[in-house]
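*Asks:* Whatever this is, show me its structure:
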Amino acid sequence: QLQLVESGGGLVQPGGSLRLSCAASGATLDYYAIGWFRQAPGKEREGVACMSSSGSMTNYTNVAKGRVTISRDNARNTAYLQMDSLEPEDTAVYYCAANGLYGLCVPFEYRYWGQGTQVTVSS
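*Replies:* Numbering: from 1, shown residues only. Here you go, the predicted structure:
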């Protein structure tokens with residue numbers, strides 16, 4: 001069974017950058033669409049960016065459009081989320097997820113989830 005582990009979160013000042021990683025094990029990530037989601041305290045989980053299994057299609061939601069870049073390295077069985085120009089409103093737990101089909105980049109579409117990594121943007 002596919003397992004996902006996120007890393008790379010932490011405390012960053014406003015305007016800073018972070019690169020999150022999502023390492024997969026138990027299965028080959030090649031066959032899965034991947035997505036990055038986030039959940040702030042008291043708010044619903046929301047999509048940030050998603051990518052098809054081949055990497056040919058991406059979907060950036062309005063949450064952080066223009067400030068994030070999703071990528072994947074299937075040879076390393078790893079996905080990434082580069083986040084730039086971070087704002088305090090980006091503070092949340094960030095999750096990576098995988099699914100057999102590429103869709104709308106919404107949480108209910110995704111079957112496999114990591115445990116999340118905390119991102120805190122504060123001066």
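*Asks:* so what's residue 34 bridging to?
*Replies:* Taking DSSP bridges as the rule, residue 34 bridges to residue 51, residue 98.
*Asks:* Just confirm residue 89 is within a strand.
*Replies:* No - looking at residue 89 with DSSP: H, G, I helix; E, B strand; the rest coil, it is helix, so not inside a strand.
*Asks:* Do you have the strands of the protein handy? List them.
*Replies:* All strands of the chain, identified by DSSP state E, fall at 3-7, 10-12, 18-25, 33-39, 46-51, 58-60, 68-73, 78-83, 92-99, 112-113, 117-121.
*Asks:* wait, what's in contact with residue 98?
*Replies:* Contact analysis of residue 98 by CB atoms under 8 Å, 6 or more residues apart in numbering lists 2, 4, 24, 29, 32-35, 110-112. Every residue, glycine included, has its C-beta placed from N, CA and C.
*Asks:* So among those residues, which ones count as buried?
*Replies:* Among those, those classed as buried by 16 or more other CB atoms under 10 Å are 2, 4, 24, 29, 32-35, 110, 112.
*Asks:* Closest to residue 49 out of those?
*Replies:* For the buried ones among the contacts of residue 98, the residue nearest residue 49 by CB to CB is residue 35; the value is 7.0 Å.
*Asks:* these two touch, right, that closest one and residue 49?
*Replies:* Yes - here residue 35 reaches residue 49: they are 7.0 Å apart, a contact under CB atoms under 8 Å.
*Asks:* Show me whatever sits in contact with both of these two.
*Replies:* Common neighbours of residue 35 and residue 49 (CB under 8 Å, 6+ apart) are residue 105.
*Asks:* my guess is residue 122 meets residue 87, correct?
*Replies:* No - with contacts counted by CB under 8 Å, residue 122 stays clear of residue 87, the gap being 10.4 Å.
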